[in-house]
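**Q** fold the following.
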Amino acid sequence: MRLRRLGGRLVVQAAQTPRVLGPLRLETGPDPGTLTLHVGREVRIGRDCVLDLADGVDGTVELGDGAQLQSRVRLQPWGGAIRLGPRAQLRDACELKSKGELRIGEHAICGRNVTLHCHESLTLGDRVGLAERVTITDSDHANDGSDTWFMDQPVHADRVVLESNVFCGTNVVVLRGTTILCNAVVAAGAVVTGGEHPSGWLIGGTPARALKPLSATQDDPALPLR
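**A** Numbering: from 1, shown residues only. Here you go, the predicted structure:
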């Protein structure tokens, strides 16, 4: 009703009515576009969740079969798409913003207070696990040292991919241009500043690098890190 009153539009495609534990709050400016919701079967939405829309642009939110949003989750499809695969979980107080294509794979889990910011492309593969307070972003603002406000400076973006079964420990930060291959573990507190990181290895440090194989039979990384 609020979208209609402001001149916006809501499109809902639902395979089944989701279980909603509290009102789903809408936040928007005076000029919203079209919000498209794709809702699968057995979807669960917790209390105090927010759909935050940007002015003048359309957004898409897709919740696959069995997807779960716990309490105080904020979804910001600011001209882009947020797509959760089947049985994906967003735990309390996660924030997801997308101006591009943000995809979370099947049975992936985002722990409490995870932040995902997508300007162009951010992908979490199937069974990816993010512990509490992980931040992943595919972009940042340039800062040339001048008096120009950093928000008015250009945005640099480069896709981020975490392949299947990657796990990131508490307080990990993953920055633009990063690819982490399957079955890797990123140690708590690591800052991953880009480049390709090998499958099946422990990644850690600031800036992060491959520390050791998780299996005694694991080969050395085939590709150099930067």
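
**Q** residue nearest the centroid of the chain?
**A** Nearest to the geometric centre of the chain sits Leu116, at 3.5 Å (CA atoms, centre = their mean).

**Q** so Arg133, which of the three states?
**A** Of the three states, Arg133 takes coil according to DSSP: H, G, I helix; E, B strand; the rest coil.

**Q** dump the residue contacts of it.
**A** Applying CB atoms under 8 Å, 6 or more residues apart in numbering to Arg133 gives the contacts Gly111, Arg112, Asn113, Val114, Thr170, Asn171. All C-beta atoms are positioned from the backbone trio N, CA, C, and that covers glycine.

**Q** 10 Å instead, please
**A** Arg133 sits next to Ala93, Gly111, Arg112, Asn113, Val114, Thr115, Gly169, Thr170, Asn171, Val172, Val173, Ala188 when contact means CB atoms under 10 Å, 6 or more residues apart in numbering.

**Q** as a markdown table, these with distance to Leu214, pLDDT and secondary structure would be great.
**A** What follows is the contacts of Arg133, written out as a markdown table (distance: CB to CB, whole Å; pLDDT from 0 to 100; DSSP: H, G, I helix; E, B strand; the rest coil):
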| residue | distance to Leu214 | pLDDT | secondary structure |
| --- | --- | --- | --- |
| Ala93 | 30 | 98 | coil |
| Gly111 | 20 | 98 | coil |
| Arg112 | 25 | 98 | coil |
| Asn113 | 26 | 98 | coil |
| Val114 | 23 | 98 | coil |
| Thr115 | 26 | 98 | strand |
| Gly169 | 13 | 98 | coil |
| Thr170 | 18 | 98 | coil |
| Asn171 | 20 | 98 | coil |
| Val172 | 16 | 98 | coil |
| Val173 | 21 | 98 | strand |
| Ala188 | 15 | 98 | coil |
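
**Q** where's the residue nearest to the centre of the chain, which helix or strand?
**A** strand 115-118 (DSSP states H and E).

**Q** which helices and strands sit right next to that strand?
**A** Packing partners of strand 115-118 (3 or more CB pairs under 10 Å, 6 or more residues apart in numbering; DSSP states H and E): strand 74-77, strand 81-84, strand 95-98, strand 101-104, strand 135-137, strand 139-141, strand 160-162.
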